[in-house]
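Trainee: Below is the sequence, then the predicted model.
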Amino acid sequence: MGSKNSVYISVPVNISRNMIMSIREICTDSEVFSSSKKYYADDMAFLEKIKQGKIEEIPDIIVTIRPEILWEKNYLADSGYFDGQYRYDVDNFIGSKGFIDERWILKPVFIMPLIIFYNTNVQNPPESWESLMESRFKGNILCTNENTPPAILFRRFYTHSFGHKGKDFVDNSVNYRGLPIDVNIAVGKGEYDIGIMPISFAKFSRDNSADFCWPSEGALPLMQVMIMKNSFRDDSKKAADFLISEKTQQIFSKSAGFIPVIPDVTPPLEFLKNNRNLLWRGWDSFVDMAHIRHEVHLTGGEDHE
């Protein structure tokens, strides 16, 4: 992307502004920018450029939470375009549960758990992902817009785990609209019984009208990663160092409700209370989700609202 170093930061909206401002302060010789389109669409545009071999047109470092890019783990490693040498110590839980890309092309930044949010008027609220498929919830479940990372992972998880029944569920029993805050408001108002969202957006509700369930199978983990070109420049290293620093990882955990990846940073209380239960069956199972036919395509032509 020209001679100037470029740092692309695509992170959840609740931390986006602060992260970009902080990295601009330390990467003074770089263009630091985020997606100019809705729902992190530029992430997918960069993935297409990688597949086209237009490596000069992508940023020196990409920080992304899109599952579609993580599903390309093996392709990205085999392409030879990306660094596997920049590494760092990770928390024992992260390492022991198999979240680490063995070739370190996808470098973990944090994990954003997806959980079930429900209106407190719901009788016998759901306790598991599987229980959402009960007929009583049909049409009363709201997830974020189909092109958002939570919805992409949610839909693929059900189709991958429950086959035709799961696909019918996500196609016909669930509605998709807006961002996590929109889901929170809709469930709190009683427009929907159930919402699917990151824990960071589920910890608050107006008038205590809603609560959340950590599913018995485990929260669905959306992993934020960074990908660095080979022979990355110093500003790219500064950005990476900042994201995995103890101070920043503490912000992710305490302020945003994300699960930190480095040692000695206390994870969110909700995660600890629920026995660190994440629905993660390893990279092979996760990548296998990509074998399901793509049903939602990003046009990439919409501006941020």
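Mentor: Everything's here; your move. Numbers count the residues shown, from 1 in each chain.

Trainee: secondary structure class for the closest residue to Val265 other than its chain neighbours?
Mentor: Nearest non-adjacent residue to Val265, counting by CB to CB, 6 or more residues apart in numbering: Gln249, 4.5 Å away. All C-beta atoms are positioned from the backbone trio N, CA, C, and that covers glycine. Look at Gln249: counting by DSSP: H, G, I helix; E, B strand; the rest coil, its state is helix.

Trainee: Next, the contact list for Gln249, please.
Mentor: For Gln249, the contact set (CB atoms under 8 Å, 6 or more residues apart in numbering) comprises 110, 260-262, 265.

Trainee: try 10 Å this time
Mentor: Contacts of Gln249 were listed using CB atoms under 10 Å, 6 or more residues apart in numbering, and they are 91, 109-110, 243, 258-267.

Trainee: Please report how far it lies from Phe242.
Mentor: 10 Å (CB to CB, to the nearest Å).

Trainee: what domains does the record give for this protein?
Mentor: Using automatic domain parsing, the domain parsing of the chain gives 5-112+220-291, 113-213.

Trainee: okay if I get these as TSV plus mean pLDDT?
Mentor: Shown next, in TSV, are those (pLDDT from 0 to 100):
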stretch	mean pLDDT
domain 5-112+220-291	95
domain 113-213	94
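
Trainee: how many neighbours does Trp283 have?
Mentor: 18 (other CB atoms under 10 Å).

Trainee: Just to check, it is in contact with Pro108?
Mentor: No: using CB atoms under 10 Å, Trp283 makes no contact with Pro108, being 11.8 Å away.

Trainee: list residues touching both of those two?
Mentor: With CB under 10 Å, 6+ apart applied, the overlap between the contact sets of Trp283 and Pro108 consists of 99-101.

Trainee: Would you format these as TSV with distance to Gly163 and neighbour count included?
Mentor: Formatted as TSV, the shared contacts of Trp283 and Pro108 follow (distance: CB to CB, whole Å; neighbours: other CB atoms under 10 Å):
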residue	distance to Gly163	neighbour count
Phe99	26	23
Ile100	29	17
Asp101	28	19
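
Trainee: Let's see which of these end up in strands.
Mentor: Among these, none falls in strands (DSSP state E).

Trainee: got these as JSON lines, with distance to Ser10 columns?
Mentor: Conversion of these to JSON lines gives the following (distance: CB to CB, whole Å):
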{"residue": "Phe99", "distance to Ser10": "19"}
{"residue": "Ile100", "distance to Ser10": "21"}
{"residue": "Asp101", "distance to Ser10": "18"}
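
Trainee: and after the helix ranked longest in the chain, which helix or strand comes next?
Mentor: Ordering each helix of the chain by length in residues (DSSP state H) puts helix 149-172 first. Going down the chain from helix 149-172, the next helix or strand is strand 174-176, by DSSP states H and E.

Trainee: So which elements touch that next one?
Mentor: strand 141-143, helix 149-172, helix 180-189, strand 194-198 (3 or more CB pairs under 10 Å, 6 or more residues apart in numbering; DSSP states H and E).

Trainee: nearest to Phe117, of those?
Mentor: Shortest distance between Phe117 and the helices and strands packed on strand 174-176, using CB to CB, is found for strand 194-198: 3.9 Å.

Trainee: Each with direction, which strands does that closest one pair with?
Mentor: Strand pairing for strand 194-198, determined by DSSP bridges: strand 107-119 (antiparallel), strand 141-143 (parallel).

Trainee: Kindly present those as JSON lines, with separate columns for mean neighbour count and distance to Leu279.
Mentor: Formatted as JSON lines, the strands paired with strand 194-198 follow (neighbours: other CB atoms under 10 Å; distance: least, CB to CB, whole Å):
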{"stretch": "strand 107-119", "mean neighbour count": "26", "distance to Leu279": "9"}
{"stretch": "strand 141-143", "mean neighbour count": "24", "distance to Leu279": "16"}
